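Trainee: need a structure here:
(4 chains)
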Number of protein chains: 2
Amino acid sequence: MARTRTLPTADELRVWRDYIETAEALRAAISARLQSDSALSPGDYAVLLALSEAEGHRMRSSDLAARIHWERSRLSHHLGRMEKRGLIAREECVTDSRGAEVVLAPAGESAFHGATVPHLRAVRELFVDALTPQQVAAAGELVAALRAHLAQPADRGTE
Amino acid sequence: MARTRTLPTADELRVWRDYIETAEALRAAISARLQSDSALSPGDYAVLLALSEAEGHRMRSSDLAARIHWERSRLSHHLGRMEKRGLIAREECVTDSRGAEVVLAPAGESAFHGATVPHLRAVRELFVDALTPQQVAAAGELVAALRAHLAQPADRGTE
DNA sequence: CTCATTTGATTGACATGTCAATTATGTATG
DNA sequence: CATACATAATTGACATGTCAATCAAATGAG
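Mentor: Take a look at the predicted model:
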């Protein structure tokens, strides 16, 4: 029953496009700042942040992937590039010979420390400063709603 | 003078990360639907949409790039791939021999027509349906504020 | 007209992301 | 133990994105 609901209105569609385009523009702007301030990509930063917060500055590859919401293959490729630059190192895992442990290398640690304050400043300037405190709170609720909806088993066809 | 303002609070930072991650997750979900429904990528869709709305289904390459907010080099590469698939064609420009005109090819038109309803449905299911009408309106204001702030000459250092 | 500069567009090199194998190891079951 | 299956991670092929040349045609100053 419940026939297919209507398609988005023109207004809804405009909000959707603005939403996606703005997020994309913000991502690009933050990424450019990070790059020029510290020669790190957003991906590098995410990996280094997770490792910095990890017990002993090391983490199982799969756990790291889950932590930053990446596919394992994507992480593998990225770690390969980061390893070549000396930012991280990979070690065999003692408890599971299939596994790998990713370890924060000294160069990675110092790059991350140099990047963090400029990065946080960029987030403040480009995101927080653009909004009133009420809007920041509203944004939090908004993304929570979107995320909750996304997490549901996408009901295609049987609604 | 106005000394450097404080860095984002933990709450603000969490909202920022959720915002970016959610936008990214949504983009991926919409992209997956588009791909499986129509074998078009979001990039393909953006190009085809712009051409469909254009006078005579054709557009100068630079105008197209501006319309969809892409760098020209990115567009060049993408058009090359789309041309190989027969979705668009490139013709020389009569008024400016340097220029190129991008033309919607029949295959591109039919692919676009097949994609648009499923795509709009996906936008409704994944975005609009997740929010109350009030939240959609709030989202519109939010991105407008972010966008307006982004458009300002990024005041680095001299604030 | 001529030469330097700007503009429209493409190209090549490379970073990043996705998907479908592949490899090797762990686990469970008869 | 032996076979089947699941799991951890990597790999290769390819699509996409960015950046810095490159190239040719238009423009503009002398």
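Trainee: Where does A:A138 sit: helix, strand or coil?
Mentor: helix (DSSP: H, G, I helix; E, B strand; the rest coil).
Trainee: And it, what's its pLDDT?
Mentor: Looking at A:A138, its pLDDT stands at 95.
Trainee: hang on, it packs against B:G140?
Mentor: No. Between A:A138 and B:G140 there is no contact under Cβ atoms under 8 Å: 11.5 Å. Any C-beta I mention is one placed from the backbone N, CA and C, and that applies to glycine too.
Trainee: Show me where chain A has its helices.
Mentor: Assigned by DSSP state H, the helices in chain A fall at A:10-38, A:42-53, A:61-67, A:72-84, A:106-126, A:133-151.
Trainee: I'd like to know how many residues surround the residue nearest to A:A25 when sequence neighbours are not counted.
Mentor: If the residues on either side of it in the chain are set aside, A:A25 comes closest to B:L150, at 5.8 Å by Cβ to Cβ, 6 or more residues apart in numbering or on different chains. Other residues near B:L150 number 17, with proximity taken as other Cβ atoms under 10 Å in any protein chain shown.
Trainee: Can you give me every residue that contacts B:L150?
Mentor: A:T22, A:A25, A:L26, A:A29, A:L126, A:A130 (Cβ atoms under 8 Å, 6 or more residues apart in numbering or on different chains).
Trainee: burial measure for the closest residue to A:A29 other than its chain neighbours, as a count.
Mentor: The spatially closest residue to A:A29, leaving aside those adjacent along the chain, is A:L126, at 5.6 Å (Cβ to Cβ, 6+ apart). A:L126 has 19 neighbours, counted by other Cβ under 10 Å.
Trainee: separation between A:L126 and A:R27?
Mentor: 10 Å (Cβ to Cβ, to the nearest Å).
Trainee: Single out the residue in chain A that lies closest to DNA strand D.
Mentor: Nearest to DNA strand D in chain A, going by Cβ to the nearest atom of the strand, is A:S62, at a distance of 2.7 Å.
Trainee: List the contacts of that residue.
Mentor: Counting by Cβ under 8 Å, 6+ apart, A:S62 touches A:R72, A:G99.
Trainee: Comparing the helices of chain A, which comes out most buried?
Mentor: helix A:42-53 (a mean of 19; mean count of other Cβ atoms under 10 Å in any protein chain shown).
Trainee: How much space separates A:E92 from A:V103?
Mentor: From A:E92 to A:V103 the distance is 11 Å (Cβ to Cβ).
Trainee: which of those two has more neighbours?
Mentor: Taking neighbours as other Cβ under 10 Å, A:E92 and A:V103 compare with A:V103 leading, 16 against 10.
Trainee: which phi and psi does A:R85 have?
Mentor: Here is the backbone geometry of A:R85 (degrees, to the nearest 10): phi -90, psi 0.
Trainee: burial of it, as a residue count?
Mentor: Residues near A:R85, counting by other Cβ under 10 Å: 14.
Trainee: what does A:H69 give?
Mentor: A:H69 sits with 10 neighbouring residues when counted by other Cβ under 10 Å.
Trainee: dump the residue contacts of it.
Mentor: Neighbours of A:H69 in contact, by Cβ under 8 Å, 6+ apart: B:E21, B:A25.
Trainee: Distance-wise, check it relative to A:A28.
Mentor: Using Cβ to Cβ, A:H69 is found at 19 Å from A:A28.
Trainee: before we move on, what about A:Y45?
Mentor: Distance of A:Y45 to A:A28, computed by Cβ to Cβ: 14 Å.
Trainee: A:A111 now?
Mentor: When A:A111 is compared with A:A28 (using Cβ to Cβ), they lie 21 Å apart.
Trainee: Check A:E109 too.
Mentor: 27 Å.
Trainee: One more: A:R85?
Mentor: Counting by Cβ to Cβ, the separation of A:R85 from A:A28 is 22 Å.
Trainee: Show me the shaky parts of chain A.
Mentor: A:1-5, A:153-159 (pLDDT under 70).
Trainee: 50 - rerun?
Mentor: In the predicted model, chain A carries pLDDT under 50 at residues A:157-159.
Trainee: Next to DNA strand C, which bits of it? Give me the list.
Mentor: A:41-44, A:70-71, A:73-74, A:77-78, A:81, A:96-98 (Cβ under 7 Å from any atom of the strand).
Trainee: ok, which pair from those residues is furthest apart?
Mentor: Spatial extent of the residues of chain A next to DNA strand C (Cβ to Cβ) is set by the pair A:P42 and A:S97 at 32.5 Å.
Trainee: That concludes my questions; thank you for your assistance.
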